[in-house]
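Student: structure for this input, please:
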Amino acid sequence: MKLSIVIPALDASATLAATLLSLGDACDVLVVDGGSRDDTIPIAARRGVRVLHAQKGRGSQLAAGAANARGEWLLFLHADTCLEPSWKTTVSSFIENASNAERAAVFRFELDHQSAEARRLEAMVDWRVRRLGLPYGDQGLLIHRDFYHSIGGFRPIPIMEDVDLVLRIGRRRLVVLPIAARTSSKRWLERGWLLRSAQNIFCLALYFAGVPARLISRVYH
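Tutor: All right, here's what the predicted structure looks like:
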């Protein structure tokens, strides 16, 4: 089996069905639940995907999913993110290229909201990824199992687990695929475009300043 898709979830019933539907008939899909109290697990079960239970926290859930995946390649995806219909062709091309065995790929960031604020945020993320090599988890992550383990995999930290792993991958070993990962704009709509973006930047600054992840998590939430 070539590919396993790992989706960490917690009370994700509002978005999970669409995410799973966007994957089509993918071979090995694992929804790693962190203790949902809504219909997350029944939704996953109806789609016929595997459901794992792990300690709450995206880092812990992603690590558990990777440990239980069956594929040679791992695709980590958030439960509120949908991929374009042509994603399989692009991912297959990346996987079949032997030179990518020690590289990783992410998708292009896109929001599901038709507003100028959404387009500006997408442009900012594009700049951050291409100039700084810092994609977040909502862009997905495609990586060979052996490479993933060689750099230590996801660490069981409550926040910034995506940045932590990407920094170990390194900018020069990171590829942006020409496929959109369309993420729910709910978080920005609830807190405001400016406030939510400022909060993300502040948390990133705290991380680089060496502030413990558990304290950053308090600020984020």
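Student: what's the mean pLDDT across the longest strand along the chain?
Tutor: Of all the elements of type strand in the chain, the one with the most residues (DSSP state E) is strand 174-183. The predicted model assigns strand 174-183 a mean pLDDT of 96.
Student: how far does stretch 30-41 sit from its chain's centre?
Tutor: If you compare the mean C-alpha spot of stretch 30-41 with that of the full chain, they lie 16 Å apart, counting by CA atoms, centre = their mean, to the nearest Å.
Student: neighbouring contacts of it?
Tutor: Applying CB atoms under 8 Å, 6 or more residues apart in numbering, the external contacts of stretch 30-41 come out as 4-13, 16, 20, 44, 49-58, 60-62, 64-65, 68-69, 79. Backbone N, C-alpha and C define where each C-beta goes, glycine included.
Student: mind listing what's buried along that stretch?
Tutor: 30, 31, 32, 33, 34, 36, 39, 40, 41 (16 or more other CB atoms under 10 Å).
Student: phi first, then psi, for the residue of the chain most remote from its centre.
Tutor: In the chain, counting by CA atoms, centre = their mean, residue 116 sits farthest out from the average C-alpha position, at 24.1 Å. As for residue 116, its main-chain torsions (degrees, to the nearest 10) stand at phi -60, psi -40.
Student: pull stretch 46-57 out as PDB, backbone CA atoms only.
Tutor: Extracted in PDB, the C-alpha atoms of stretch 46-57 (Å, rounded to 0.1, in the frame of the first residue of the first chain):
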ATOM      1  CA  ARG A  46     -20.200   5.700   7.800                       C
ATOM      2  CA  ARG A  47     -17.500   6.600   5.300                       C
ATOM      3  CA  GLY A  48     -15.800   3.200   6.100                       C
ATOM      4  CA  VAL A  49     -12.500   4.700   7.300                       C
ATOM      5  CA  ARG A  50     -10.500   3.500  10.200                       C
ATOM      6  CA  VAL A  51     -11.000   5.200  13.600                       C
ATOM      7  CA  LEU A  52      -8.200   5.400  16.200                       C
ATOM      8  CA  HIS A  53      -8.400   6.900  19.700                       C
ATOM      9  CA  ALA A  54      -5.500   8.900  21.100                       C
ATOM     10  CA  GLN A  55      -4.600  11.300  23.800                       C
ATOM     11  CA  LYS A  56      -6.200  14.800  23.100                       C
ATOM     12  CA  GLY A  57      -3.700  17.100  21.300                       C
END
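Student: pull out the buried residues from it.
Tutor: Neighbour-count burial for stretch 46-57 [16+ other CB under 10 Å]: 47, 49, 50, 51, 52, 54, 57.
Student: hang on, the fifth one is in a strand, isn't it?
Tutor: When you say that, I think you mean residue 52. Yes. The assignment for residue 52 by DSSP: H, G, I helix; E, B strand; the rest coil puts it in a strand.
Student: tell me the confidence at the residue nearest to the spatial centre of the chain?
Tutor: With distances taken as CA atoms, centre = their mean, the chain has residue 137 as the residue nearest its mean C-alpha position (3.2 Å). With respect to pLDDT, residue 137 has a value of 95.
Student: in this structure it contacts residue 164, no?
Tutor: No. Judged on CB atoms under 8 Å, residue 137 makes no contact with residue 164 at a distance of 10.6 Å.
Student: among the contacts of stretch 30-41, name the buried ones.
Tutor: Applying 16+ other CB under 10 Å to those, the neighbour count classes 4-10, 12-13, 16, 20, 44, 49-52, 54, 57-58, 60-62, 64-65, 69, 79 as buried.
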